[in-house]
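Enquirer: The sequence and its predicted three-dimensional model are supplied below.
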Amino acid sequence: MTQSFRPSFKSFVGSVAFSSSLAAVALLGHYFLGSRGGLPAKIGYLAMLGFSALFLLNDINVHLRRLELTPIGIIRHGIFAGGVGMRWEEITEATLRERHNPATRTDRLLILKSPRGVFSYPLSVLSRASETAVIEELKCRSRLVIVQDRPAI
């Protein structure tokens, strides 16, 4: 049976809010300092706005990806790249990297390795129920190793 998982809207809103915070700081700084900062301040504001735009584009790209579990293997669908997948029997190493984040929930990154390459997907963009379902399926189909990273803060 094929199962398809899409990132949650709640995750998207949180990511966009975090990515937009850099732009908000730049705009507030420009508003309160005005032209007193001179050219270096304007370059700084533009750089902050540019980085914020890059973060927003990455958020959109990540949240438009879909994860699919089939009886044959696992597939990650995206808008810029078609389906990238791996057969269950090809997986030589399955790692789930977890990092406790006190500001949000635990960040989880799935990394699968095979002789043909590496497959990764940020499971923390899924809803909690979908995340749990994917982890349980991976535990059944592979030897999933869970690695605890140091906290972000």
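Expert: Alright, I've got the coordinates.
Enquirer: which SS class is the residue of the chain most remote from its centre?
Expert: The C-alpha centroid of the chain is most remote from R36, which lies 38.3 Å away (CA atoms, centre = their mean). Look at R36: counting by DSSP: H, G, I helix; E, B strand; the rest coil, its state is helix.
Enquirer: how close does it sit to H30?
Expert: The gap separating R36 from H30 is 10 Å, by CB to CB, to the nearest Å. C-beta here means a position set from N, CA and C on the backbone, and glycine is covered the same way.
Enquirer: and this protein, what are its domains?
Expert: Per automatic domain parsing, the structural domains of the chain span 3-62, 66-149.
Enquirer: Please convert the ones you listed to TSV, extending it with mean pLDDT.
Expert: Listed next are these as TSV, based on pLDDT from 0 to 100:
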stretch	mean pLDDT
domain 3-62	81
domain 66-149	88
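Enquirer: Pull out the buried residues from the helix or strand encompassing I74.
Expert: Using DSSP states H and E, I74 sits within strand 73-77. Of all the residues in strand 73-77, those buried under the rule 16 or more other CB atoms under 10 Å are G73, I74, I75, R76, H77.
Enquirer: Quick check, the fourth one in contact with V62.
Expert: To tie it back to what came earlier, the one meant is R76. No: using CB atoms under 8 Å, R76 makes no contact with V62, being 10.7 Å away.
Enquirer: any chance you could read off phi and psi for the nearest residue to V125 once chain neighbours are set aside?
Expert: Take V125 and drop its neighbours on the chain: the residue closest to it by CB to CB, 6 or more residues apart in numbering is P7, 3.9 Å away. P7 adopts backbone torsions of phi -60, psi 150, taken as degrees, to the nearest 10.
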